[in-house]
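*Asks:* next one to model:
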Amino acid sequence: MDAPRWSALLSGWRACGGPLYGRLAEALRAGIRSGQLPPSEALPAERALAELLGVSRSTVVAAYDALADGGWVIRKRGSGTWVAATAPRGANVLALRTPSALPLGGDEFDFTIAVPLLNDAQRREMQAAAQDAFQESLYHPHGLPDLRAVLAELYTREGLPTTPEAVLITSGAQGAISLLTGVFLRPRDRALLETPTYFGAIDAFRAAGAETVGVPVTAQGVEPAAFARAVQHHSPRLAFLTPTFQNPTGTVMPPDARARVAATVAESDLPTIEDDTLIDLGFETGAPPRIATFAPDAPIFNVGSLSKLYWAGLRVGWLRVSATHSGPVGQARTLSDFGSSLPGQHIALQLLQALPRLRQERREAVTMARDLLAELLRRHLPEWQFTVPGGGQFLWVELPTRQTSAFTLCAARYGVRLFPGASMGVALPAEGLPDSFLRLPFTLDPAQLPEAVLRLKAAWEEFSLRQGVDRLA
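*Replies:* Numbering: from 1, shown residues only. Here you go, the predicted structure:
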């Protein structure tokens, strides 16, 4: 059973009224109606689903029987349960790894999305920065020229010579990743990613119909030899790497490893996305040179944004395009939406003029929250293991269980939203990522962290007691 997928699909199954089996049956009906559970798809084994949801096996049996009575599923002793061919069918919907941004309840804490908190001074700063946005009425399909020039100068200053023509403005970093996915991937192509990695890249590649192949992340990021072997054996059409404060592990690839990866990319002519969105969030030291610095003519596409540094709602990202691919990528950018919002771009232009200050302010805020979260976890959940990262905005936490997806459902009953780390895993040739990890961002209001961790502790105590025990409905 793909536990992370089913935990996401059934995350709100208890919200309806009535007996538990009826709530579960209705949640599964909703999955069938929406197209997330297509005809002939097998449902999980009764005992496995019961363990995931923290209910008795009899609850799952009753839910499946109710679905069978209504013609939604077919049940056959010894063969399992699957969606009936005659059940209502919606358009196929991808089961996204990306957490859905549902409205928070008044007493909930959300550890699924990492976004910076805005203060009043920053709100005033953005309002002032937008004043020049209304002086013209033009399309800029590739982005505001002044903004592209500032970003090109920034890349050049940091060791990667860049012209304004090589920079495209997108709707956030996700827009850049999706743009490149559309240019380079076709159904049944192979895409190479780190494992674990950013769930938005996994979803974009899967939505394109590509087969994803994982390269393990070590304590120093992806090993160059493993990357080279994967390129040789799998012949991918696109690769995705986050060498600096990797999401979610926080690891940093050393300069010599970056040079070797760059050499592989250049030799294989493999289009490779280098995700720089966390590059400004180093706590102690600066980031090593970008991979693209070691092979400036290779097909390496650098992606950045202000979402992690300043505010996710700004939705301004950018893409540095290699000269060889500027034509097709630029055309695809023009076709997507004729250009990003001018007010957002003008705000970004003004903010980038004060980049050193923005970096310092963000580092100070994130460092305090990181240290507080780490201290609270060590005090209240000492059996949870993690390494404090030198940058980024996540703790990659290993739990002493292989049922972390089930724990996220337990924690939800305590008002804490969690994202199972296995959802960020990419299948290796032999195995996937163990269901033993959580990605915990330290971007919550620090004043909320003590209560949030106490709830995690209470949920963990309940979950630990119930593991392996048949539960009553």
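*Asks:* longest strand in the chain, by residue count?
*Replies:* Once the chain is assigned using DSSP state E, the strand that runs over the most residues is strand 211-218.
*Asks:* quick one: the strands in the stretch 301-450 of the chain?
*Replies:* Across the stretch 301-450 of the chain, reading from the start of the chain, the strands by DSSP state E, counting those that start in this stretch fall at 317-320, 394-398, 416-417, 437-441.
*Asks:* which of these sits closest to Pro99?
*Replies:* Using C-beta to C-beta as the criterion, the shortest distance between Pro99 and the strands of the stretch 301-450 of the chain is 7.7 Å, found for strand 416-417. Any C-beta I mention is one placed from the backbone N, CA and C, and that applies to glycine too.
*Asks:* same question for that closest one, mean pLDDT?
*Replies:* When pLDDT is averaged over strand 416-417, the result is 94.
*Asks:* before we move on, the earlier item: what is the orientation angle of the longest strand of the chain with strand 394-398?
*Replies:* Taking axes from the mean of the first three to the mean of the last three C-alpha atoms, to 10 degrees, one finds that strand 211-218 is oriented at 90 degrees with respect to strand 394-398.
*Asks:* ok, back up a step: output the strands of the stretch 301-450 of the chain in CSV; the columns should cover distance to Val453 and mean neighbour count.
*Replies:* Listed next are the strands of the stretch 301-450 of the chain as CSV, based on distance: least, C-beta to C-beta, whole Å; neighbours: other C-beta atoms under 10 Å:
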stretch, distance to Val453, mean neighbour count
strand 317-320, 32, 26
strand 394-398, 11, 22
strand 416-417, 9, 20
strand 437-441, 9, 24
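*Asks:* let me have those in TSV, extended by distance to Pro216.
*Replies:* Below are the strands of the stretch 301-450 of the chain laid out as TSV (distance: least, C-beta to C-beta, whole Å):
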stretch	distance to Pro216
strand 317-320	27
strand 394-398	13
strand 416-417	28
strand 437-441	13
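*Asks:* which one of those lies nearest to Glu267?
*Replies:* In this view, these are compared for proximity to Glu267 by C-beta to C-beta, and strand 317-320 is the closest at 20.8 Å.
*Asks:* residue nearest the middle of this protein, spatially speaking?
*Replies:* Phe199 (3.0 Å; C-alpha atoms, centre = their mean).
*Asks:* ok, and the closest non-adjacent residue to that one?
*Replies:* Of all residues not flanking Phe199 in the chain, Arg97 sits nearest, at 4.1 Å (C-beta to C-beta, 6 or more residues apart in numbering).
*Asks:* who touches that neighbour in this structure?
*Replies:* For Arg97, the contacting residues are Pro4, Ala8, Phe199, Ile202, Asp203, Ser423, Met424, taking C-beta atoms under 8 Å, 6 or more residues apart in numbering as the criterion.
*Asks:* out of the residues you listed, who's nearest Thr264?
*Replies:* Distance to Thr264 across these (C-beta to C-beta) is lowest for Ile202, with 21.7 Å.
*Asks:* so how far is Tyr414 from that closest one?
*Replies:* With distances defined as C-beta to C-beta, to the nearest Å, the gap from Ile202 to Tyr414 amounts to 28 Å.
*Asks:* so Trp13 touches Gly31, yeah?
*Replies:* No: under the contact definition of C-beta atoms under 8 Å, Trp13 does not touch Gly31, with a separation of 9.7 Å.
*Asks:* what residues of the lowest-mean-pLDDT helix or strand in the chain count as buried?
*Replies:* Of the helices and strands making up the chain, the lowest-confidence element is helix 120-129, at a mean of 84, by mean pLDDT, DSSP states H and E. If you call a residue buried by 16 or more other C-beta atoms under 10 Å, then helix 120-129 has these buried ones: Gln122, Glu125, Met126, Ala129.
*Asks:* now the helices for the stretch 51-200 of the chain?
*Replies:* 57-69, 120-129, 145-157, 172-184, 199-207 (DSSP state H, counting those that start in this stretch).
*Asks:* tabulate those helices (CSV), appending distance to Leu376.
*Replies:* Rendered in CSV, the data for the helices of the stretch 51-200 of the chain read as follows (distance: least, C-beta to C-beta, whole Å):
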stretch, distance to Leu376
helix 57-69, 34
helix 120-129, 26
helix 145-157, 36
helix 172-184, 30
helix 199-207, 25
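*Asks:* which one of those helices lies nearest to Glu462?
*Replies:* Proximity to Glu462, assessed across the helices of the stretch 51-200 of the chain by C-beta to C-beta, is greatest for helix 57-69 (17.3 Å).
*Asks:* compare the strands of the stretch 301-450 of the chain and give me the one nearest Glu194.
*Replies:* Closest among the strands of the stretch 301-450 of the chain, once you apply C-beta to C-beta, is strand 394-398, at 12.4 Å.
*Asks:* list the contacts for the closest residue in space to Val61 that isn't next to it in sequence?
*Replies:* In space, Val61 comes closest to Glu46 once its chain neighbours are excluded; the distance is 5.6 Å by C-beta to C-beta, 6+ apart. Glu46 makes contact with Arg57, Val60, Val61, Tyr64, Thr81, according to C-beta under 8 Å, 6+ apart.
*Asks:* state the phi and psi torsions of Glu46.
*Replies:* Its backbone dihedrals place Glu46 at phi -60, psi -50, with angles given as degrees, to the nearest 10.
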